[in-house]
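Enquirer: sequence first, then the predicted structure, then my questions.
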Amino acid sequence: MPPPRRFGRRWLLVGAGAAALVAAGTADGWLPVSPAAGAAGPTPAQLRDAVLSGVVPHTGLAESTGRLGLPDIPRLESASALLSTTTRIRVQVAAEDRWRVDQLTPAGEIDTYRLGGTEYLWDYGGNRLTTLRGIAPVRLPRASDFSPSDLGRWLLQLTAADPVSTVAPRRVAGYDVPGLRVTPADPAGTVASVDVWALPGPSGTPALPVAVEITAKGASEPALTTAFTSVETAPPSGLALRPDAPPGAETVATQPGDLAGVLRGLNAPPPPDTLAGRPRVELPDSGGGFLPGVGVYGTGVSRFVLAPTGRDVARQIIGGGSAAGGVPVAGLAPDRAVRVATPLLSLVVVRRRGGGFLLAGTVAPQVLERAATELVPAVRP
């Protein structure tokens, strides 16, 4: 069996690839510019190379709107909301491993900090500071994944082997910026195109992604987009990048190994090297060990995640998914499995003796159903 392919960045549990996609909109955020504005700009390949060449220090405000229309499924409510509603974000980036992204809510804010190999989550409403030592290779999406700069660079990394073409320049956050379109080649993927607009720097320096659109196959408008409403290419204050919990705040410390311990308790079998004909991506050891039973499969943005669940969790998600319009999985009883699909994201949850598992990603539902039948040998297509 060939070794699994290596993937060195974090993966999103729900959406596994293009799942953390977002959409913006101020009055001048998406105004087209005249063709002359982009006439002397970089080619699509040059723009992609500039984006991937490094991180541009910057500060700004962004808005994201997901249009997946995901139902409220038990245990996945926060992910569903991020992918189906509008999220306001404040972004402060000094370097790839030194940044802060705040989710702004009517009740306050939820802030995520990265300082080297440690992350901090400050929940204003809950008055709680969580310290995560080590970067989890697999987790649910959060607002920090919706930053136009990080999302754009991440998606272009994933699709580095896919062809690019030109899209019309746009005016974003007061700048006229050139754009590129990636057309994923996988016929079983749900993503038709990934459009990224980026602000070029001086010759030979990185470009800053300022807007992203992801469109599903067969769709007439983007399912998920994100854009800055204001942005400056200047580093933030060092003090702004350090969490400062007030006296009396609850403090919690954890690490990826804590999740690994929970997963080991589920006694999930090791993820297979291939699933539904797709290779497993090797997840990095982030200091707490690998995550038992967890696997990521596919290439480019056409990927999906396998994650074990407890029996009760699987039952809750199946019940909630069925009530929200999910459909049975061929060969399994309705109370044993459910499939929920939107044009961009597919989800299958299966309950079996001793536990269950979740499959989610930007692939056609049939791919996940095939994966489920391979994981539950009693099921036949």
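Expert: Here it is on my side, so go on. Numbering: from 1, shown residues only.

Enquirer: after the helix or strand that Leu347 is a member of, which helix or strand is next?
Expert: For Leu347, the element it lies in under DSSP states H and E is strand 346-352. Counting by DSSP H and E, the next helix or strand C-terminal to strand 346-352 is strand 355-361.

Enquirer: rewinding a little: please name every helix or strand in contact with the strand holding Leu347.
Expert: helix 311-323, strand 337-341, strand 355-361, helix 365-375 (3 or more Cβ pairs under 8 Å, 6 or more residues apart in numbering; DSSP states H and E). The C-beta positions use only the backbone N, C-alpha and C, and glycine is treated the same way.

Enquirer: to Gly201, which of these lies closest?
Expert: Of all these, strand 355-361 sits nearest to Gly201, with 33.7 Å by Cβ to Cβ.

Enquirer: gap between that closest one and the chain center?
Expert: The chain centroid and the centroid of strand 355-361 are separated by 17 Å under Cα atoms, centre = their mean, to the nearest Å.

Enquirer: ends of stretch 114-127, how far apart?
Expert: One end of stretch 114-127 to the other measures 19 Å (Cα to Cα, to the nearest Å).

Enquirer: on that earlier part again, outside of the strand holding Leu347 itself, list whatever touches it.
Expert: 14, 73, 190, 304, 309, 311, 314-315, 317-318, 321, 329, 332, 335-341, 356-365, 367-369, 371-372, 375-376 (Cβ atoms under 8 Å, 6 or more residues apart in numbering).

Enquirer: ok, back up a step: most tightly packed of the helices and strands packed on strand 346-352?
Expert: Mean neighbour count (mean count of other Cβ atoms under 10 Å) peaks for strand 355-361 among the helices and strands packed on strand 346-352, with a mean of 25.

Enquirer: export it to CSV, keeping only CA atoms.
Expert: Taking Å, rounded to 0.1, in the frame of the first residue of the first chain, the C-alpha atoms of strand 355-361 are listed here in CSV:
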residue,chain,number,x,y,z
GLY,A,355,-19.9,4.0,18.3
GLY,A,356,-20.1,5.7,15.0
PHE,A,357,-18.3,7.9,12.5
LEU,A,358,-18.8,11.1,10.6
LEU,A,359,-17.8,11.8,6.9
ALA,A,360,-17.8,15.4,5.7
GLY,A,361,-16.3,17.3,2.8
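
Enquirer: returning to that earlier point: can you list the helices and strands packed on strand 346-352 in a markdown table and add distance to Thr65?
Expert: Shown next, in a markdown table, are the helices and strands packed on strand 346-352 (distance: least, Cβ to Cβ, whole Å):
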| stretch | distance to Thr65 |
| --- | --- |
| helix 311-323 | 23 |
| strand 337-341 | 20 |
| strand 355-361 | 21 |
| helix 365-375 | 24 |
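
Enquirer: help me confirm that Phe62 comes into contact with Asp150.
Expert: Residue 62: Ala, not Phe. No. Between Ala62 and Asp150 there is no contact under Cβ atoms under 8 Å: 10.4 Å.

Enquirer: once you drop chain neighbours, what's closest to Arg311?
Expert: Closest residue to Arg311 apart from its sequence neighbours, by Cβ to Cβ, 6 or more residues apart in numbering: Gly355 at 5.3 Å.
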